[in-house]
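K.L.:
dropping a prediction and its sequence here:
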Amino acid sequence: MLRYAVIFFIIALVAALFGFGGIAAGATEIAKILFFVFIVIAVITFVLNLIQRK
């Protein structure tokens, strides 16, 4: 999921470079959402692993 966030971020950078503001904004929002979903899943996994080890 982090990979897709990075891909959408790169798409946003390229779109902004060529002047496609709407596409860049959309790709940036998708990248943000995917990044935060990745962070939430990573934290949940970390916490569940800590609970399981006890």
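P.N.:
Thanks, I have the structure now. Residues are numbered from 1 along each chain as shown.

K.L.:
which parts of the helix or strand of the chain with the lowest mean pLDDT are buried?
P.N.:
Least confident helix or strand, the chain: helix 2-17 with a mean of 88, by mean pLDDT, DSSP states H and E. For helix 2-17, burial by neighbour count (16 or more other C-beta atoms under 10 Å) applies to 5, 8-9, 11-12, 15. (C-beta placed from N, C-alpha, C; glycine too.)

K.L.:
which elements pack onto it?
P.N.:
If contacts are counted by 3 or more C-beta pairs under 8 Å, 6 or more residues apart in numbering; DSSP states H and E, helix 2-17 sits against helix 21-53.

K.L.:
can you give me the angle the least confident helix or strand of the chain makes with helix 21-53?
P.N.:
Helix 2-17 and helix 21-53 meet at an angle of 160 degrees, taking axes from the mean of the first three to the mean of the last three C-alpha atoms, to 10 degrees as the criterion.

K.L.:
can you offset everything so residue one is 50?
P.N.:
Sure, I'll start counting at 50 from here, so that last one is helix 51-66.

K.L.:
ok, and what's touching helix 51-66?
P.N.:
Residues outside helix 51-66 that contact it (C-beta atoms under 8 Å, 6 or more residues apart in numbering): 70, 72-74, 76-77, 79-81, 83-84, 87.
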